[in-house]
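K.L.:
The sequence and its predicted three-dimensional model are supplied below.
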Amino acid sequence: MKDEQILAARRRAVKKLAAAGIQLTDVEQANVEVADFGLGELELQGLEIVTYVNNDRYCAKELVLFPRQTCPEHLHPPVGDEPGKMETFRCRAGVVYLYVEGKATSAIAAQVPPGSEAHYTVFHEVALRPGEQYTIMPGIKHWFQAGDAGAIVSEFSSTSRDEFDLFTDPRIARMANL
């Protein structure tokens with residue numbers, strides 16, 4: 001991604017957070033991570049992330065998704081003696097459609113990104129609206145997509161080690177824009 005695309009997405013994410021009543025410091029605004037996963041299609045498959053804290057005990061983030069933007073399917077594997085990241089998603093604004101392992105939902109609300117259908121394999125739908133939350137256990141494949149108005153999700157988790165995430169799509173480079 002070009003620098004101007006990253007800056008525009010960062011500004012858009014900050015504006016979306018402010019509209020939801022979530023204020024960021026100047027440093028946090030400057031450090032909003034814009035991830036296109038190396039696919040070059042941020043609006044379809046991407047994520048904007050504010051990391052408040054990430055240490056050897058716990059992690060807290062805001063995940064900003066633009067309308068119908070998708071975070072691709074992945075899982076958090078064991079790292080060393082740790083079982084992998086356990087995370088709780090709490091919807092703050094909009095609607096987020098989360099897909100996890102389990103009995104597939106017959107008609108999902110999300111739209112699998114065109115050209116990437118083979119890389120989305122779990123379809124048990126959990127729709128989260130503001131105030132609702134769901135905990136994803138370590139090693140569980142999952143992906144999520146915002147509804148038509150976008151979404152903001154607070155993530156509370158064990159230590160985040162994004163560089164070890166395993167994506168179903170082999171084209172993905174998680175740390176591509178860092």
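P.N.:
Sure, I can see it. Computed from a predicted structure; not experimentally measured. Numbering: from 1, shown residues only.
K.L.:
pull the longest strand from this structure.
P.N.:
Longest strand in the chain by number of residues (criterion: DSSP state E): strand 142-157.
K.L.:
That strand pairs with which strands, parallel or anti?
P.N.:
The pairing partners recorded for strand 142-157 under DSSP bridges are strand 59-65 (antiparallel), strand 70-75 (antiparallel), strand 87-100 (antiparallel).
K.L.:
Now tabulate the ones you listed in JSON lines and tack on mean neighbour count and distance to A151.
P.N.:
(Glycine included, C-beta is placed from N, CA and C.) Supplementary listing: those in JSON lines, determined by neighbours: other Cβ atoms under 10 Å; distance: least, Cβ to Cβ, whole Å:
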{"stretch": "strand 59-65", "mean neighbour count": "22", "distance to A151": "5"}
{"stretch": "strand 70-75", "mean neighbour count": "22", "distance to A151": "11"}
{"stretch": "strand 87-100", "mean neighbour count": "21", "distance to A151": "3"}
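K.L.:
Turn those into CSV, columns for mean pLDDT and distance to H119.
P.N.:
Converted to CSV, the strands paired with strand 142-157 look like this (pLDDT from 0 to 100; distance: least, Cβ to Cβ, whole Å):
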stretch, mean pLDDT, distance to H119
strand 59-65, 99, 18
strand 70-75, 99, 6
strand 87-100, 99, 12
